[in-house]
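In: give me a model of this one.
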Amino acid sequence: MGLARWLPGLALFAHYPRQALRGDVVAGLSAFLVMIPSVLAYSELVGVPPVTGLYAAIGAMAGYALFSRGIPVIAGPDATTALLAAAVVAPLAGGDPARTVALATALPFLVGAALVIASRLQVGDLADLLSKPVLVGYLNGSALILIGTQIGKLLGVPLVSDQFFLRIAEVLRRLPSTHAPTLALGLSLIVLLFLLRRFLPTVPGSLVACVVGIAAAVAFDLSSHGVALLGEMPQGLPRPQIPAVSGQDLLDLAPGALALATLIFAEGILLARAIAANLHEDIDANGELTALGTSNVGSGLLGGYTVGSSGSRTLTVAAYGGRTQMAQWAAVALLLLFVLVLAPLLEWLPVVALAALLIYTGIALFDWNENVRLRRLDPGSFRLSLGVTLGVLVLGVLPGILVGVALSVLGLLISTARPRDALLRKHPPDHRYHDLDDDQPGASPPGILVYRIYAPLVFANARHVAARVGRMVRRARVPVRCIVFDMQAVTGMDITAMEVFEELLDRLAAEGVDIRFSHANRPLREQLMRLGLTKQVGAERFFHAAWEAVEDYQKCVQRSAPAADEAR
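Out: Just a heads-up that it's a prediction; the model follows:
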């Protein structure tokens, strides 16, 4: 119990849902199979030996699973983190391979420390800025990028472009160079995966596709026809090691480590939330940050490089029924077995078979139906989702996410700056005032306006609201003698809004308009009292309901009428 407190991932073994075992094992196997070529390739990006990617994957997955609370996110080497890590390390290494390895191995320790510290500072709460449209747009953009990264392997042609649209353009130019046997095998496996999903959903399609690929490679000697195979793989266990770097090296790496931590945070929280939403579960954003940090420390301890949450492998696990971190433990066990003794078994696996698995995953998880739903419910959210998808495709994952967050915040500011409001009318069956539809019967007494705003009064909307009230008074058919401000939907008022409101009330009072308030909640009344508005207006002008304020005004008018007659 005490150990599980410090290593929350261990709680899974004590309370594991056995019905999830088959799906988790199949999903872990699928992640393991698609992991090997990608982590080897990412090692080349960083400039370290290919086997380093295997070590990084083992350390990352174990470190993440020990501290994760259950969402089946798979940690490990990732294209975006590998590219950024290379950009950080290469200028400092000066082309020295040994120094490149040392710096690349030291970097995940700094990144891990930054992420763990961020979790303790509750930075994970900033993930609340990532709304549903941002999540949908991010996943759809990631699914398309996942497909785009594998098109070259499907066609059997090397591609150099990293940006999605440039890669598509390069694919179109390289179509005449397509390697027919590779394309035929890849398309056949994709079709096979969809057929299995449609007619035999309980059969592990990824395993079948790999077995079919290996069988085809052996039976038809595909390598002699130019079909790329995984080939010989390095064997042996990773050994824990401490990178040989100086204090100055760590200082030089620190800015890049912060940039990597930001990238890993943004991608990791988005991915975890998206997977959690599919499983109808919640996540602890700060707990996820801790797990991402320890995954980097785990990678560094085994001589690996900077890692994050792998979108492609996580999506693969989700597509093949993974529901808990047991899928990651399964992948760890398989990868350990692989580096020890099983590498020769996969040397006949065509690379295009793995590309087919990833393309299938991307197609299966591209959620256009959710975009259709967003368009029906809220066109603005639909446009935001498309904007995030386009941003991810054009700018990359992190800039695309930041664009989505910026658009979300901008939309919130716009809705706050131009809030909805209404003139309330009395509904015939009762004496209360309501926000009635245009075709519903209702009216207010002549010369009385009951005005409601549906937002807090803040600096962004105060002058807009004051201008709205002024126009309503000027355009009224009957001269306005009383305004009741219904504050039911006003949760607060800042100092700027307070000053603007005071100016409005002074101007209305000078025009002979009686001011009253209704439905002001207790926190708002206390705030208005601190700001001095209650004293300025008078506590007797605050009422529980709009109809009470109106009736009180009418009684005051009736009482003052005889006195006015006597004075004349």
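
In: okay, CA-based contacts and neighbour counts for the rest of this
Out: OK.

In: sketch out the low-pLDDT regions of the stretch 151-300 of the chain for me.
Out: 202, 204, 233-234, 238 (pLDDT under 70).

In: and the helices in it, which stretches?
Out: Using DSSP state H, counting those that start in this stretch, the helices of the stretch 151-300 of the chain run over residues 164-174, 180-199, 205-219, 247-278, 285-301.

In: next, the angle from the third one to helix 180-199.
Out: Orientation check (axes from the mean of the first three to the mean of the last three C-alpha atoms, to 10 degrees): helix 205-219 against helix 180-199 gives 150 degrees.

In: before we move on, back to that, looking at the helices of the stretch 151-300 of the chain, which is closest to Leu340?
Out: Closest approach to Leu340 among those (C-alpha to C-alpha): helix 285-301, 18.1 Å.

In: what packs against the closest one?
Out: Counting contacts by 3 or more C-alpha pairs under 8 Å, 6 or more residues apart in numbering; DSSP states H and E, helix 285-301 is packed against helix 51-67, strand 75-76, helix 97-120, helix 247-278, strand 308-309.

In: still on that earlier bit, to Thr80, which of the helices of the stretch 151-300 of the chain lies closest?
Out: Here helix 247-278 is closest among those (C-alpha to C-alpha), at 8.4 Å.

In: now do that closest one: which elements does it pack against?
Out: helix 79-93, helix 97-120, helix 132-155, helix 285-301, strand 308-309, helix 397-417.

In: quick revisit: got JSON lines for the helices of the stretch 151-300 of the chain, with mean neighbour count and distance to Ser310 too?
Out: Formatted as JSON lines, the helices of the stretch 151-300 of the chain follow (neighbours: other C-alpha atoms under 10 Å; distance: least, C-alpha to C-alpha, whole Å):
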{"stretch": "helix 164-174", "mean neighbour count": "15", "distance to Ser310": "18"}
{"stretch": "helix 180-199", "mean neighbour count": "18", "distance to Ser310": "22"}
{"stretch": "helix 205-219", "mean neighbour count": "19", "distance to Ser310": "18"}
{"stretch": "helix 247-278", "mean neighbour count": "19", "distance to Ser310": "8"}
{"stretch": "helix 285-301", "mean neighbour count": "29", "distance to Ser310": "11"}
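
In: quick one: those as TSV, columns for distance to Ser408 too.
Out: Shown next, in TSV, are these (distance: least, C-alpha to C-alpha, whole Å):
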stretch	distance to Ser408
helix 164-174	24
helix 180-199	36
helix 205-219	38
helix 247-278	15
helix 285-301	19
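
In: on that earlier part again, just the helices and strands packed on helix 247-278: most buried one?
Out: strand 308-309 (a mean of 31; mean count of other C-alpha atoms under 10 Å).

In: let me know the next secondary structure element after it.
Out: helix 311-319 (DSSP states H and E).

In: from Leu436, how far out is Val465?
Out: 20 Å (C-alpha to C-alpha, to the nearest Å).

In: so the two - more neighbours on which side?
Out: Higher neighbour count among Val465 and Leu436: Val465, with 23 against 16, using other C-alpha atoms under 10 Å.

In: give me the average confidence score over whichever strand or helix holds that one.
Out: Using DSSP H and E, Val465 falls within helix 462-475. Average pLDDT, helix 462-475: 93.

In: name the helices or strands packed onto it?
Out: Looks like helix 462-475 contacts helix 495-510 (3+ C-alpha pairs under 8 Å, 6+ apart).

In: just checking: what are the partner strands of the helix or strand that comes right after the helix it packs on?
Out: Counting by DSSP H and E, the next helix or strand C-terminal to helix 495-510 is strand 514-518. With DSSP bridges as the test, strand 514-518 is paired with strand 482-486 (parallel), strand 542-543 (parallel).

In: can you tell which of the ones you listed is closest to Glu232?
Out: Here strand 482-486 is closest among the strands paired with strand 514-518 (C-alpha to C-alpha), at 75.7 Å.

In: contact partners of the closest one?
Out: 447-453, 513-520, 546, 549-550, 553 (C-alpha atoms under 8 Å, 6 or more residues apart in numbering).

In: what do you get for stretch 100-115?
Out: In contact with stretch 100-115 (C-alpha under 8 Å, 6+ apart) are residues 46-48, 85-86, 89-90, 93, 243-245, 249-250, 253-254, 257-258, 260-261, 265, 289-290, 292-297, 299-300, 303-307.

In: which residues of the stretch 351-500 of the chain score low on pLDDT?
Out: Using pLDDT under 70, the stretch 351-500 of the chain drops low at 397-398, 401.

In: re the thing from before, can you put the strands paired with strand 514-518 in a markdown table and add mean neighbour count?
Out: Formatted as a markdown table, the strands paired with strand 514-518 follow (neighbours: other C-alpha atoms under 10 Å):
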| stretch | mean neighbour count |
| --- | --- |
| strand 482-486 | 24 |
| strand 542-543 | 20 |
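
In: follow-up on the earlier one: identify whichever of the helices and strands packed on helix 247-278 lies nearest to Arg525.
Out: helix 397-417 (21.0 Å).

In: confidence score at Arg5?
Out: 64.

In: go on, the one 4 residues further on?
Out: With respect to pLDDT, Gly9 scores 74.

In: mind checking pLDDT for the residue nearest to it when sequence neighbours are not counted?
Out: Closest residue in space to Gly9, ignoring its immediate chain neighbours: Leu66 at 4.2 Å, by C-alpha to C-alpha, 6 or more residues apart in numbering. Confidence at Leu66, expressed as pLDDT, is 91.

In: against Ala291, how distant is Leu66?
Out: For Leu66 relative to Ala291 (C-alpha to C-alpha), the value is 8 Å.

In: over to Leu504?
Out: In terms of C-alpha to C-alpha, Leu504 sits 53 Å off from Ala291.

In: go on, Gly532?
Out: Taken as C-alpha to C-alpha, the span from Gly532 to Ala291 is 49 Å.

In: buried residues, stretch 47-62. List them.
Out: 47-48, 50-62 (16 or more other C-alpha atoms under 10 Å).

In: kindly report the same for stretch 496-506.
Out: Those buried within stretch 496-506 under the rule 16+ other C-alpha under 10 Å are Ala497, Met498, Glu499, Val500, Phe501, Leu504, Leu505.

In: kindly report the same for stretch 536-545.
Out: Val537, Arg541, Phe542, Phe543, Ala545.

In: what's the closest of those to Phe194?
Out: The closest of the buried residues of stretch 536-545, once distances to Phe194 are taken by C-alpha to C-alpha, is Ala545, at 61.4 Å.

In: skip the chain neighbours and tell me the closest residue to that closest one.
Out: In space, Ala545 is closest to Ser518, 5.1 Å off (C-alpha to C-alpha, 6+ apart).

In: wait, that neighbour sits on Phe542?
Out: Yes - taking contacts as C-alpha atoms under 8 Å, Ser518 lies within contact range of Phe542: 5.8 Å.

In: any common contacting residues for those two?
Out: With C-alpha under 8 Å, 6+ apart as the test, Ser518 and Phe542 both reach Ala549.

In: hang on, the earlier thing: of all the strands paired with strand 514-518, which one is nearest Glu526?
Out: strand 542-543 (12.3 Å).

In: and the closest one, how far from the chain's centre?
Out: 44 Å (C-alpha atoms, centre = their mean, to the nearest Å).

In: and for stretch 517-534?
Out: 38 Å.

In: show me what that stretch is in contact with.
Out: 484-488, 490-493, 495, 498, 502, 535, 541-546, 549.

In: identify the residues contacting the residue lying closest to Pro240 once chain neighbours are set aside.
Out: Closest residue to Pro240 apart from its sequence neighbours, by C-alpha to C-alpha, 6+ apart: Leu302 at 4.5 Å. Applying C-alpha under 8 Å, 6+ apart to Leu302 gives the contacts Tyr55, Ala56, Gly59, Pro238, Arg239, Pro240, Gln241.
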